[in-house]
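> got a predicted model here, sequence first, then my questions.
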Amino acid sequence: MKRRLHFVNDKPKRSTKAEPPVWHLPEQAAAYVLATGIFTTLGPFGTFEMVFWLRVIYWALAIGAGWIFVSSSIMAMRHKGWLDHESPVTRIALAIIVAAPPTALVVMGLEYLLHPEDGPFLKPRIFLYVAVVCLIIGGSVVAYVRPRLVKPVKLPDYMIFMRRLPPHLGTELISLSSQDHYVEVTTDKGRELIHMRLGDALEELSDYPGQQVHRSHWIAARAFRGVARENNRLVVRLSDGRSLPVSRSFAPAVREMTPTLDVSGQ
């Protein structure tokens with residue numbers, strides 16, 4: 001099999017950039033100002049007829065009320081543990097639904113103060129307007145924060161080691177062997193010398209099924225084909241036909257290993 005040197009950094013670089021929390025106050029403030037500005041400029045639901053400064057106050061209070069009620073609903077559900085079995089997106093959607101009626105009452109109050117001549121305090125159409133605004137703003141917020149609501153899948157530690165390997169080598173490990181300041185990595189695709197210590201490699205492979213058989217050798221459990229005696233020494237047989245020596249300190253652990261079936265015909 002072909003063997004080449006492959007240089008890598010001893011420690012893979014990790015991102016130190018912290019992700020903002022789901023409800024990041026500066027982002028929420030910026031979104032509130034942006035939403036107020038958009039609705040003030042567009043003047044929907046007949047508000048464009050208002051003078052500009054009054055329109056600003058109207059939408060600042062209306063959107064602010066919705067923001068407060070939605071945030072309060074979310075914090076209450078978190079504190080009480082309500083709907084913990086539901087997805088985060090579902091909980092936010094329910095918080096928006098719960099916040100819509102009190103928000104509508106606030107908007108009705110604004111409408112009554114500005115236009116008392118328009119009739120009674122309760123106006124069903126206001127509920128419809130608030131529902132539309134909540135759907136637009138709430139949907140935009142949920143779409144923005146949704147990636148943060150899904151907990152990232154924790155990759156196994158051995159993936160750190162796998163990222164060191166060149167793509168053509170694959171990820172089906174057979175053995176690792178120490179050679180001075182390098183580790184010879186053997187897979188079912190070939191061999192490479194990786195510039196790192198065997199101890200560091202085994203630390204990264206702590207959750208990968210395998211066994212150290214010698215101070216200089218480690219084998220993958222999937223590649224183990226049994227033990228044998230060669231020149232009066234205990235060795236392990238591997239799936240690629242090679243044998244590696246077993247030291248006395250690792251012999252008990254090796255004897256407890258179960259050989260895997262050779263499905264490849266090797």
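Thanks, I have it. Keep in mind that this is a model prediction, so the values were computed, not measured.

> buried sites along the helix or strand hosting I97?
Counting by DSSP states H and E, the element that carries I97 is helix 88-114. Residues 88, 91-96, 98-100, 102-108, 110-112 are the ones in helix 88-114 that count as buried (16 or more other Cβ atoms under 10 Å). Yep, even glycine has a C-beta here, placed from its N, CA and C like the rest.

> what's the answer for stretch 116-133, then?
Neighbour-count burial for stretch 116-133, counted by 16+ other Cβ under 10 Å, picks out K123, I126, F127, Y129, V130, A131, V133.

> got it, and stretch 165-182?
Buried residues in stretch 165-182, counting neighbours by 16+ other Cβ under 10 Å, are found at L165, L169, L173, I174, S175, L176, S177, S178, Y182.

> quick one, phi psi at the fourth one?
Just to be clear, that refers to I174. phi -120, psi -50 (degrees, to the nearest 10).

> any idea of the mean pLDDT for stretch 112-120?
Confidence over stretch 112-120, taken as the mean pLDDT, stands at 76.

> run the chain-centre distance for that stretch.
Relative to the chain's own centre, stretch 112-120 is displaced by 50 Å; criterion: Cα atoms, centre = their mean, to the nearest Å.

> need the residues that contact that stretch.
With contacts defined as Cβ atoms under 8 Å, 6 or more residues apart in numbering, stretch 112-120 is touched by M50, L54, Y58, E111, F121.

> and which of these is nearest to T36?
Distance from T36 was checked for each of those by Cβ to Cβ. The minimum falls on Y58, at 9.7 Å.

> could you list every helix and strand in contact with the helix or strand where E27 lies?
Of the helices and strands defined by DSSP H and E, E27 is found in helix 25-42. Applying 3 or more Cβ pairs under 8 Å, 6 or more residues apart in numbering; DSSP states H and E, one finds that helix 25-42 contacts helix 52-80, helix 124-149.

> name the residues that touch that helix?
Outside of helix 25-42, the residues within contact range by Cβ under 8 Å, 6+ apart are 20, 47-48, 52, 55-56, 59-60, 62-64, 67, 71, 133, 137, 140-141, 144.

> pLDDT on it, on average?
The average pLDDT for helix 25-42 rounds to 84.

> next one: it to chain centre, how far?
Centre-to-centre, helix 25-42 and its host chain are 28 Å apart (Cα atoms, centre = their mean).

> repeat that for stretch 100-116.
Mean C-alpha position of stretch 100-116 versus that of the full chain (Cα atoms, centre = their mean) differs by 41 Å.

> with stretch 226-244 instead?
In terms of Cα atoms, centre = their mean, the centre of stretch 226-244 is found 43 Å from the chain centre.

> right, and V106 touches A65 too?
Yes: in this structure, V106 is within contact of A65 by Cβ atoms under 8 Å, at 4.0 Å.

> what number of residues lie near the closest residue to H181 other than its chain neighbours?
Beyond its immediate neighbours in the sequence, the residue positioned closest to H181 (Cβ to Cβ, 6 or more residues apart in numbering) is H195, lying 6.6 Å away. Burial of H195, expressed as a neighbour count using other Cβ atoms under 10 Å, amounts to 14.

> okay, H195 and D157: tell me how far apart.
Taken as Cβ to Cβ, to the nearest Å, the spacing of H195 relative to D157 amounts to 20 Å.

> kindly report the same for H181.
Noted for H181: a distance of 22 Å to D157, by Cβ to Cβ.

> got it, and L169?
To D157, L169 is 19 Å away according to Cβ to Cβ.

> shaky segments in the protein?
Across the chain, residues meeting the criterion (pLDDT under 70) sit at 1-24, 78-89, 121, 138-139, 141-153, 155, 262-266.

> what do you get if the cut-off is 50, keeping everything else the same?
Along the chain, segments meeting pLDDT under 50 span 1-3, 6-17, 263-266.

> hang on, the earlier thing: now the buried residues of stretch 116-133 in JSON lines, with distance to Q211?
Supplementary listing: the buried residues of stretch 116-133 in JSON lines, determined by distance: Cβ to Cβ, whole Å:
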{"residue": "K123", "distance to Q211": "75"}
{"residue": "I126", "distance to Q211": "71"}
{"residue": "F127", "distance to Q211": "67"}
{"residue": "Y129", "distance to Q211": "68"}
{"residue": "V130", "distance to Q211": "65"}
{"residue": "A131", "distance to Q211": "62"}
{"residue": "V133", "distance to Q211": "63"}
